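A.B. asks: Show me the folded form of this:
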Amino acid sequence: MTTTTLAVLVPLLPFLGAVAGLFLGRAAPGFVRPLAVLPTLAAAVLAVVVASRQGGGKAIDAATQLTPTGSVPIDLALHIDGFAALVAVLVGTVATCVQVYSTGYLRHDPRYPSYAALVSLFTSAMLLVVYSGDLMVLLVGWEIMGICSYFLVGHYWETPEARSASLKAFLVTKLGDVPFLFGLFALAADAGTFRITGVLGAVASGGLDHPTLIALLLLAGVAGKSAQFPLHTWLPDAMAGPTPVSALIHAATMVAAGIYFVARLLPVFAESAAALVVLAVMAAVTMVGSALAALAQDDIKRVLAYSTIGQLGYMSGALAVGDRGAAVFHLLSHGAFKALLFLAAGAVIHAAGTNSLSAMSRMSGLTKRIPDAYWTMTIGLLALAAIPPFAGFFSKEAVLVAAEHTATGESPIAPAGAGWIVLVAGLLTALLTAAYAMRLWLLAFRGRGTEAPDHGRQPIAMSTVLWVLAVPSLGFGLTAGYLDDWFDGHPLTPTVTTAVLGTGLAVVGAAVMYAVWWALAVKRAVPATQAHVAHPDAEAGLVEAEALDLPHPARDPADPGRALLGPLHGPAADGFHLDAVYRTVFVRPVLAAASLVRFLDREVVDTYVRGAADSAKGLGWLARRAQTGNVQTYLSALLAGSVVLAIVAVVLANVAGA
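C.D. replies: Residues are numbered from 1 along each chain as shown. The predicted structure is shown next:
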């Protein structure tokens, strides 16, 4: 079987599995889980085969025209280079892990058949984006992911949080998709084609007339899809959906699509220095702001959500300095450890027996109850904090090295200012990332909150997936020296300067967080001892604290993040009030305009409509009153009318004679 045929089957198999799952989900429930897992697993295996055949060498291209358009043609095209081959492997692997994990996590959910089918459709759409060689076909997958995210985030539609989160995710991403669509049309108009190879050829020959306008329009869509400032606010709220969906969105689909799109069309963005600077600033604000917000969250999934936003900021920063190899390398590495972190968080929530109990301040006694989640989440957090030799260290260092080369003028692609912006923000974010990773670990596994009831052993499907994902989270970075051919021949090995700075700042951030947590724990242990002395006959624990009106860990757990952030904690916990700003600047004016239109429609337009109807009704009433059915009345009216007409005629004749 040819490589092209295998590549076509990669997005097609999950799509067929989704269709079959939707039609057979209720009629044949025994086929639901096989239809969810097997097509996705087969697609992942075929993606590995395609990647091995592509081998990081010449891109695989194939195309057939869909239909004549009369102007710019639209082709059903494949374009598989090293980046596309590796990203497809990531998508297939993570999607398979999510489907297998979901068989245990949602085994009692009555809506599992539709959920599994939508996950398969989500996977198929992302694979279409990855392999597509035509921008219009890519747009199809881009938009299908948007509608899938709407349904999956709103899976628990009985809760108002899920309903509002799904609507917010859909509308905010659509807000970016409108200029994105205009950017695609403008790009095709300049290049004369929607084919990616044709667009890149036009860029190489200087055929773009409006590169800055096109790049900025496209960046709006990327900001929405990949949750970059200022269109990132939908992603933390999207945690209202099932945790496996969060893993899929954050690790391999949706948010990865925007980064991958810029990487694939990086020469277009590189034509505009202004666009690269805008991207660098956007990445810097996203990195630092999301890391500060993560430090203030109590919900474990929201911490990870803000973490995803920050890591996507690293990828955007690498693209802003013109290094798509570093961006995609971090995309692959992040996909492994972020999927692991979310699925481990799902195990934590599953152990508590409810999807809503994800507040870290309420967790206690989880280390021994769910050892698989404890150890694998520890691996994932070390990778997130970029501690060597875990995967995140190598990929994050690749981003910092790229920024350093641009800042020192070694890279001619991007302005030096963009390099400095990304480098400084990246180093500061490394410090903050290690700090909130340590805080999450301490509060989740060393906290003294209220211990949830034990709901028994985790399903084997969930535990197995965690250990499968722990392998690339630990070892993928070690492959950096062997993947140069897949990344345009660009080396991805760290340098001494950035490695020492990045790792040193990460260690400092984690150490400071641990020291503050320890100090708070010691401080809180002293009043408990005093309470015991003052009330030797009282029970230990909560009664002691209540006797002296002292705080107790179960009711007021120590939060080192609050202590470190100080007055910044409130704004950071609320996402720096961006939602409130958007409500004031955008939502309220739109609602006010809608109210005005409704008033004008009801009180002005409808007044004329009602008046016309009432006039006709009144005339009908008068005509009906005149129709009595009495012949004498009709003759009397006829005689009176004749007399009136005669009088009028005489008067008119006299006036005319005079």
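A.B. asks: Strands of the stretch 51-200 of the chain, start to end?
C.D. replies: 60-67, 74-80 (DSSP state E, counting those that start in this stretch).
A.B. asks: Then the stretch 551-658 of the chain?
C.D. replies: Under DSSP E, counting those that start in this stretch, the stretch 551-658 of the chain gives no strands.
A.B. asks: Okay, now the unreliable bits of it?
C.D. replies: Low-confidence regions of the stretch 551-658 of the chain, defined by pLDDT under 70, span residues 551-557, 658.
A.B. asks: Apply 80 and report the result again.
C.D. replies: The stretch 551-658 of the chain contains residues with pLDDT under 80 at 551-558, 622-634, 656-658.
A.B. asks: can you give me the helices in it?
C.D. replies: 560-565, 569-573, 578-582, 588-600, 606-626, 631-657 (DSSP state H, counting those that start in this stretch).
A.B. asks: packing partners for the first one?
C.D. replies: Contacting helix 560-565 under the criterion 3 or more C-beta pairs under 8 Å, 6 or more residues apart in numbering; DSSP states H and E are the following elements: helix 273-295, helix 416-445, helix 496-534, helix 569-573. C-beta here means a position set from N, CA and C on the backbone, and glycine is covered the same way.
A.B. asks: quick one on the thing from earlier: output the helices of the stretch 551-658 of the chain in a markdown table; the columns should cover distance to Val424 and mean neighbour count.
C.D. replies: Shown next, in a markdown table, are these (distance: least, C-beta to C-beta, whole Å; neighbours: other C-beta atoms under 10 Å):
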| stretch | distance to Val424 | mean neighbour count |
| --- | --- | --- |
| helix 560-565 | 20 | 20 |
| helix 569-573 | 20 | 17 |
| helix 578-582 | 22 | 15 |
| helix 588-600 | 36 | 10 |
| helix 606-626 | 60 | 10 |
| helix 631-657 | 97 | 10 |
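A.B. asks: between those helices, which one is nearest to Ser149?
C.D. replies: helix 578-582 (18.6 Å; C-beta to C-beta).
A.B. asks: Pull the residues that contact that closest one.
C.D. replies: Helix 578-582 is contacted by residues 230, 233, 574 when judged by C-beta atoms under 8 Å, 6 or more residues apart in numbering.
A.B. asks: which ones are touching the second one?
C.D. replies: Meaning Thr233. Thr233 touches 168, 172, 575, 578-579, 582, counting by C-beta under 8 Å, 6+ apart.
A.B. asks: try the first one
C.D. replies: Applying C-beta under 8 Å, 6+ apart, one finds that Pro230 lies in contact with 223, 578.
A.B. asks: Three-state assignment for it, please.
C.D. replies: coil (DSSP: H, G, I helix; E, B strand; the rest coil).
A.B. asks: wait, which of the helices of the stretch 551-658 of the chain is closest to Arg163?
C.D. replies: With C-beta to C-beta, the closest approach to Arg163 among the helices of the stretch 551-658 of the chain belongs to helix 578-582: 16.3 Å.
A.B. asks: Throw the strands of the stretch 51-200 of the chain into a markdown table and include mean neighbour count and distance to Ala326, thanks.
C.D. replies: Converted to a markdown table, the strands of the stretch 51-200 of the chain look like this (neighbours: other C-beta atoms under 10 Å; distance: least, C-beta to C-beta, whole Å):
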| stretch | mean neighbour count | distance to Ala326 |
| --- | --- | --- |
| strand 60-67 | 14 | 24 |
| strand 74-80 | 21 | 21 |
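A.B. asks: least reliable of these going by mean pLDDT?
C.D. replies: Within the strands of the stretch 51-200 of the chain, the stretch with the lowest mean pLDDT is strand 60-67, showing a mean of 85.
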